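Colleague: With the input below, show me the fold.
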Amino acid sequence: MNIGLIAHNSKKKLMQNFCIAYRAILSKHTLYATGTTGRLIEEVTNLNVHKYLAGHLGGEQQLGSQVEHNEIDLVIFLRDPSVLNIYEPDINNIFRLCDMHNIPLATNLATAELLIKSLDRGDMEWREIYKQ
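Modeller: Down below sits the predicted model:
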């Protein structure tokens, strides 16, 4: 499965810790991330991450394009809702596209853990059928 990973600056350490904790599961899948988040994940996990541009330089749009083409199966976007982000339209576009294409989306650690555990159990196999 193709997994998209994004984290606001204040959540990047949390994303690193999440990826360390679930490294064994993530290693079985193809990972995509915005530039800085991807680099930070690679540094602490040695996982291979396909990196887009940094989020504010168009990385969120690049991920959104893959979501739009139904090429991403799961998105984990650890966001900081207390920070007003000038790139909010790109973020909201990813949410909208995930909804349009029935792509599971986690925006906090609790939901991310539920999705990653269900992925490990095989509960996401329906995505393969849905993409055809």
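Colleague: Would you map the strands across this structure?
Modeller: 2-7, 30-33, 49-51, 74-78, 105-106 (DSSP state E).
Colleague: Any stretches of the chain with poor pLDDT?
Modeller: 84-90, 130-132 (pLDDT under 70).
Colleague: can we see that at 90?
Modeller: 8, 53-61, 64, 70, 80-94, 101, 124-132 (pLDDT under 90).
Colleague: on that earlier part again, quick one, which of the strands of the chain is nearest to residue 127?
Modeller: Comparing those against residue 127 with Cβ to Cβ, the closest turns out to be strand 74-78 (7.7 Å). (Glycine included, C-beta is placed from N, CA and C.)
Colleague: The closest one to strand 2-7, inter-axis angle?
Modeller: Computed by axes from the mean of the first three to the mean of the last three Cα atoms, to 10 degrees, the angle separating strand 74-78 from strand 2-7 equals 10 degrees.
Colleague: Please name whichever of the strands of the chain is nearest to residue 119.
Modeller: With distances scored as Cβ to Cβ, the stretch of the strands of the chain nearest to residue 119 is strand 74-78 (6.5 Å).
Colleague: No further questions, thank you.
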